[in-house]
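Enquirer: Would you be able to build a 3D model of this:
(2 chains)
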Amino acid sequence: MRRARVELGASLQTRAAMLDIQLLRKDLAQVAQRLAARDITLDSARFEALEGERKAIQVHTQELQAKRNQLSKQIGMAKGKGEDTSALMAEVGGLGDELKAAEERLAAIQEDLSAMLLTLPNLPHESVPAGRDDKDNEEVRRWGTPREFPYPPLDHVDLGENLEMLDFPTAVKLTTSRFVLMRGQLARLHRALAQFMLDVHSREHGYEEVYVPYLVNADSMRGTGQLPKFEEDLFKLSNGLYLIPTAEVPVTNIVRDEILPADNLPIKLVAHTPCFRSEAGSYGKDTRGMIRQHQFDKVEMVQFVKPEDSYAALEELTGHAEDILQRLGLPYRVVALCAGDLGFSSAKTYDLEVWLPGQNTYREISSCSNFEAFQARRMQARYRTEKDGKPGKPELLHTLNGSGLAVGRCLVAVLENYQNPDGSVTIPEVLRPYLGGLERIARR
RNA sequence: GGAGAGGUGGCAGAGUGGUCGAAUGCACCGGAUUCGAAAUCCGGCAUAGUGCUUGCACUAUCGGGGGUUCGAAUCCCCCCCUCUCCGCCA
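Expert: Sure, this is the predicted structure:
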């Protein structure tokens, strides 16, 4: 049965649906209500109409397929015994057109349903604050006290350029705007930050360090939800591969199409990678300095956990990112994103915002999210529990990730918070071992 | 870039048009045997979806897509990937 083959169910689940379609069938009202918190209106009537039609046609299609299979089997048996098969052939032949029509119809409806489900973001967790945009985000806690400056503090651009270590014009010459060239001790400090973060997470927080590809295929981008909705934010190469916008993509997709033994969980991975973002639609935003670049480095933490552990894991992971800021002595606050400000795939997100004296404000430096089973469902990333020594059914695991931290923005924060009146910058103590004991960066 | 080989269940590996969702082996689980273990024997052991009388039935899946046929893992077309050799190369 190759002709007009219909992918029943499986495709709907693996390639399209990110929300649990079972939940939509069982409790559509609840889904609609929880999506409303994100300002998304679910067309319930349309879903029910499509779903009703899908059910009727699928049953009909499967009945025809069963009949066809049964008759074909009989033909095989009859031929084996050398009997006449013309009567059976005639009977099964009559099914052809009807079956083909039913299969095509079913495929079309599955596609409509998929297209509809693809547009739906994850459901916010019950603990997520209500709200429409970033103004409704909830500050959870603050750490550290912003330093008082007896003079107007410089921002990182002035500091870096005065040091002759931060060079935007040359970067433009080499490529385009939104890239940067760092030199000397500043480049070294940037590297030290990444090393420091990687070391703390891998040695003290229990993460396994991984080195990953920076180019990935479309399946990986779909797995974590960058595709199909956010293609314009990505850099695509002529051979169809994409530059990663975050290590989340290659690291999380490690478990795509895998069934892990429950004993292996939780799995905690950390990677340092460059990240590439086209920043389409952000023209005119943060054009000055290193805050918003096409290329930046990030240390990313990823966890794969059992569903019952994922909210504890989110707190833990957020704490790991906070620990970096604390060791660096950088004041920050933790913000719980409101429902309307959540990323597409996230059920709950904490942003860490670091204090930037040059801007006299807190700026995002980390984002820690629990995706629950949303990404796992797309990736078919599962684990299997043993019950009484017997292997149980595979279940979707929960995925989380968080920046620990964005290296470029962290460099900005160090420059601005540790600046001295003479334009030099003191090196935070924890970084000095990475810089051969260097205590301050000054103009040569 | 050139030449060749190949993609089948957790793994290895048969299967070239018909009771094939797929032999066999390994691994794994249960039972028998044993004081216990090993060995041996017996049985079980993919994923997803749909329906309902929730335990059964049905459907789909042998790299992906399309085609031929009453019927495809098996035949045809396109694509992807892996491996080997050569070339190039950090």
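
Enquirer: Residue A:268 should be in a strand, yeah?
Expert: Yes - assessed with DSSP: H, G, I helix; E, B strand; the rest coil, residue A:268 lies in a strand.

Enquirer: who's it bridged to?
Expert: Beta-bridge partners recorded for residue A:268 (DSSP bridges): residue A:303.

Enquirer: measure it to residue A:251 for me?
Expert: 11 Å (CB to CB, to the nearest Å). C-betas here are computed from N, CA, C, even on glycine.

Enquirer: anything in contact with each of the two?
Expert: Contact with both residue A:268 and residue A:251 is made by residues residue A:302, according to CB atoms under 8 Å, 6 or more residues apart in numbering.

Enquirer: Quick one: low-confidence residue ranges for chain A.
Expert: Low-confidence segments of chain A (pLDDT under 70): A:1-17, A:386-391.

Enquirer: Can you tell me which helices and strands the longest helix along chain A packs against?
Expert: Using DSSP state H, we find that the single longest helix of chain A is helix A:44-80. Helix A:44-80 makes packing contacts with helix A:21-26, helix A:28-36, helix A:86-93, helix A:96-118 when contacts are defined by 3 or more CB pairs under 8 Å, 6 or more residues apart in numbering; DSSP states H and E.

Enquirer: Now do the same contact list for the residue in the stretch 51-200 of chain A positioned nearest to RNA strand B.
Expert: Closest contact between the stretch 51-200 of chain A and RNA strand B, by CB to the nearest atom of the strand, is at residue A:76 (2.7 Å). Under the criterion of CB under 8 Å, 6+ apart, residue A:76 has no contact partners.

Enquirer: what does residue A:410 give?
Expert: Contacts here follow CB under 8 Å, 6+ apart; on that basis residue A:410 touches A:193, A:197, A:324, A:328, A:330, A:354, A:365.

Enquirer: Of those, which pair is most distant in space?
Expert: Spatially, the most separated pair among the contacts of residue A:410 is A:197 and A:354, at 13.5 Å (CB to CB).

Enquirer: Which one's more surrounded, these two?
Expert: Between residue A:197 and residue A:354, counted using other CB atoms under 10 Å, the more crowded position is residue A:197 (29 against 26).

Enquirer: and the helix or strand hosting that one, what other elements does it pack with?
Expert: If you go by DSSP states H and E, residue A:197 is part of helix A:184-203. If you count contacts as 3+ CB pairs under 8 Å, 6+ apart, helix A:184-203 packs onto strand A:208-209, strand A:267-276, strand A:295-305, helix A:310-328, strand A:398-406, helix A:407-417, strand A:440-441.

Enquirer: Give me the angle between the fifth one and strand A:295-305.
Expert: Taking axes from the mean of the first three to the mean of the last three CA atoms, to 10 degrees, one finds strand A:398-406 and strand A:295-305 inclined to each other by 150 degrees.

Enquirer: Run me through the strand neighbours of strand A:398-406, direction for each.
Expert: Sheet pairing for strand A:398-406, assigned by DSSP bridges, gives strand A:295-305 (antiparallel), strand A:361-370 (antiparallel).

Enquirer: Please apply the same query to the last one.
Expert: Next to strand A:440-441 in the sheet, as set by DSSP bridges, lie strand A:425-426 (antiparallel).

Enquirer: May I have stretch A:203-220 exported as CSV, CA atoms only?
Expert: This file holds the C-alpha atoms of stretch A:203-220, laid out as CSV (Å, rounded to 0.1, in the frame of the first residue of the first chain):
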residue,chain,number,x,y,z
ARG,A,203,33.3,20.8,38.6
GLU,A,204,30.9,22.0,41.2
HIS,A,205,27.4,21.9,39.8
GLY,A,206,27.5,18.4,38.4
TYR,A,207,27.3,19.1,34.7
GLU,A,208,29.1,17.1,32.0
GLU,A,209,31.0,19.3,29.7
VAL,A,210,30.1,18.8,26.0
TYR,A,211,31.6,20.1,22.8
VAL,A,212,29.0,20.3,20.0
PRO,A,213,28.6,21.2,16.4
TYR,A,214,27.8,24.9,15.6
LEU,A,215,26.0,24.0,12.4
VAL,A,216,22.9,21.8,12.7
ASN,A,217,20.2,20.5,10.4
ALA,A,218,16.6,21.4,10.1
ASP,A,219,15.4,18.5,12.2
SER,A,220,17.4,19.7,15.2
